[in-house]
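Asks: Provided below for reference: sequence and predicted model.
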Amino acid sequence: MVMSYKYYIHLGTVNNVILLSTDGYVVLHSETTLMLKILLYTANFAPEPTGIGKYSGEMAAWLAAQGHQVRVVSAPPYYPSWKLEKGYAWPPYRREQWQGVDVWRAPLWVPSKPNGITRLLHLFTFVLSSLPVMLWQILWRPNVVITVAPALMCAPTGWLVARLSGGKAWLHIQDFEVDVAFQMGLLKGKLLKKVVLGSERWLLRRFDSVSSISGQMLDKLRQKGIAERKIRFFPNWVDIAHIFPLDKPSDYREELDIHTDTKVVLFSGTLGGKQGLMVIPDAARKLSHRKDLIFIICGDGVMKPQLEAASAGLTNIRFLPLQPFGRLGQLLGLADIHLLPQSPDAADLVLPSKLSGMLASGRPVIAMCQQSTEIARLVTECGLVVAPEDGSALADAVIKLADDNELRKDLGIKARHSAKEKFEKHGVLNRLVYQLRFVTGTVQNAIYDLSSH
């Protein structure tokens, strides 16, 4: 007899669940009977320290720690430096065990100076090289194949492997790379746009589930014609036990010889082209007379040479290389004010993953984006929002926060609360497991179905 279950109730730490069927029967299952075989297909994976690689790695490790069988097909680490990590050039194909996860690596070409065309070629090489590796996974018969976009080029392979293995096809969208490419001028032409966006809509509709990381990005899926029953909310998360408000000055203050009375304005993250980063040296130049302020830009990426050139001669701006993950809490706690710049062309097509860490550190945020965006909605609760790429507006906002200790403290408390309420790691990933069980039919009609959230 096949039962349709109505409720999913976890019984504390005893690894049992009660499943109450729609027919009124109560069935006790061991948690192990509900474990899933999950195949994750992503161009970026651990040990990449930022962006999609970081989140894909943390998700896979967490799922494996819960007892699920997890396999990953990925490229070797190369981001954000756009250079293959040492030791990964040869052999081109390899299989690794990483934190309980079975990782299969396929090679890709990494351009030294990525642009619109070279990025497409770069991703296409991974699609080709990973195809035989993905097809081999059919024999493993995963319950669900999760494809992460970018790169959307991987989606057809992910969908095909799910169908041939009898599993469910799930597409997780971290940003709408196609829309971003056209809006930022990386791809051009009305006919090309019509063909590419039409193909994208057709492809998205083929998947059993399509998830994204913000409310407005879910609205974008609806605009693309994705059925409501297929849409899932799966935000990026933060480990609030690892990043929290410091009760004493950050270790970085002493290491960088920053006086305790100096206010630190920090940007930490990938130095990419979608973020409107050139506004930071502009604002720093306008505030060069304020000896109690220092701007710090921490990270790596294609924009770093331009930022360094624009900052030449400024004594109130410093650059730090990407810092170890183990020191992230200390780094974010160095800030008195966090900066979240964003290109006006991309602001509503992405939700920067770095925002959750900023909030968890208990410091106010200045976001440079349009007022109508999801970023603005989140930051308005715990910081200030100014127009993108406006150095004068950014300078004014920095002065407002730097000169008002009580305002900074109040907004920082609200930031921490927002991180705990919306982005806490275990809550987000537990909800993902409920969604996966619902989608795969392991628990049908589960009460914790979040498809409409």
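Replies: That came through, no problem.

Asks: R222 is in contact with R229, isn't it?
Replies: No. Here R222 lies out of contact with R229, judged by Cβ atoms under 8 Å, at a distance of 11.7 Å. Heads up, the C-betas are built off the backbone N, CA and C, glycines and all.

Asks: buried stuff in the lengthiest helix in the chain?
Replies: Longest helix in the chain, counting residues (DSSP state H): helix 116-136. Across helix 116-136, burial judged by 16 or more other Cβ atoms under 10 Å covers 119-120, 122-123, 125-127, 129-131, 133-134.

Asks: which one of those sits closest to Y79?
Replies: Among these, H122 lies closest to Y79 (Cβ to Cβ), at 10.7 Å.

Asks: pLDDT averaged over the longest helix of the chain, what's the number?
Replies: Averaged across helix 116-136, pLDDT comes to 90.

Asks: List the contacts of it.
Replies: Helix 116-136 is contacted from outside by 41, 43, 73, 75, 92-93, 104, 106-111, 114, 150-151, 153-154, 157-158, 161, 164, 181, 186-187, using Cβ atoms under 8 Å, 6 or more residues apart in numbering.

Asks: Export that helix to CSV, keeping only CA atoms.
Replies: C-alpha atoms of helix 116-136 as CSV (Å, rounded to 0.1, in the frame of the first residue of the first chain):
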residue,chain,number,x,y,z
GLY,A,116,31.8,38.4,-22.0
ILE,A,117,33.1,36.1,-24.8
THR,A,118,35.9,34.4,-22.8
ARG,A,119,33.5,33.7,-19.9
LEU,A,120,31.2,31.9,-22.2
LEU,A,121,34.0,29.8,-23.6
HIS,A,122,35.3,29.2,-20.1
LEU,A,123,32.0,27.7,-19.0
PHE,A,124,31.5,25.8,-22.2
THR,A,125,34.7,23.9,-21.7
PHE,A,126,33.4,22.7,-18.4
VAL,A,127,30.1,21.7,-19.9
LEU,A,128,31.9,19.5,-22.5
SER,A,129,34.5,18.1,-20.1
SER,A,130,32.0,17.3,-17.4
LEU,A,131,29.4,15.6,-19.7
PRO,A,132,30.9,12.1,-19.5
VAL,A,133,31.4,12.4,-15.7
MET,A,134,27.8,13.4,-15.3
LEU,A,135,26.5,10.6,-17.6
TRP,A,136,28.5,8.1,-15.4
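
Asks: Tell me the gap between that helix and the middle of its chain.
Replies: Here helix 116-136 is found 21 Å from its chain centre; the criterion is Cα atoms, centre = their mean, to the nearest Å.

Asks: after that helix, next one along is what?
Replies: Next helix or strand after helix 116-136 toward the C-terminus (DSSP states H and E): strand 144-149.

Asks: Run a quick neighbour tally on T373.
Replies: T373: 23 surrounding residues under other Cβ atoms under 10 Å.

Asks: my guess is it contacts Q216, does it?
Replies: Yes. Using Cβ under 8 Å, T373 is in contact with Q216, at 6.9 Å.

Asks: domains in this structure, as residue ranges please.
Replies: Domain ranges of the chain: 35-237+424-440, 251-422, per automatic domain parsing.

Asks: Where does pLDDT dip in this structure?
Replies: For the chain, the stretches flagged by pLDDT under 70 are 1-33, 116, 184-187, 274, 345-350, 442-453.

Asks: swap the cut-off to 80 and go again
Replies: 1-34, 113-117, 177-189, 193, 272-275, 343-353, 442-453 (pLDDT under 80).

Asks: Now the most centrally placed residue in it: closest residue in space, sequence neighbours ignored.
Replies: Geometric centre of the chain, nearest residue: S353, 4.3 Å, by Cα atoms, centre = their mean. Distances taken as Cβ to Cβ, 6 or more residues apart in numbering put N236 closest to S353, at 4.3 Å, once the chain neighbours are dropped.

Asks: And for A335?
Replies: L266 (3.7 Å).

Asks: contacting residues around that neighbour?
Replies: L266 neighbours (Cβ under 8 Å, 6+ apart): 295-296, 298, 331-332, 334-335, 337-339.

Asks: Can you classify it as helix, strand or coil?
Replies: strand (DSSP: H, G, I helix; E, B strand; the rest coil).

Asks: Beta-bridge partners for it, please?
Replies: Note on L266: beta-bridge partners by DSSP bridges are I296, H338.

Asks: from the buried residues of helix 116-136, which single one is nearest P245?
Replies: Using Cβ to Cβ, the buried residues of helix 116-136 come closest to P245 at R119, 37.9 Å.

Asks: and that closest one, how far is that from L204?
Replies: R119 is 20 Å from L204, where distance means Cβ to Cβ, to the nearest Å.

Asks: ok so, going back, so can I have TSV of the buried residues of helix 116-136 showing distance to E308?
Replies: Shown next, in TSV, are those (distance: Cβ to Cβ, whole Å):
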residue	distance to E308
R119	23
L120	28
H122	24
L123	28
T125	30
F126	30
V127	34
S129	34
S130	35
L131	40
V133	39
M134	40
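
Asks: ok, back up a step: are any of the contacts of helix 116-136 buried, and if so which?
Replies: Buried by 16+ other Cβ under 10 Å: 41, 43, 73, 75, 104, 106-108, 110, 114, 150-151, 153-154, 157-158, 161, 181, 186-187, out of those.

Asks: E48 touches K54, doesn't it?
Replies: Yes. Counting by Cβ under 8 Å, E48 does reach K54; the two are 6.2 Å apart.
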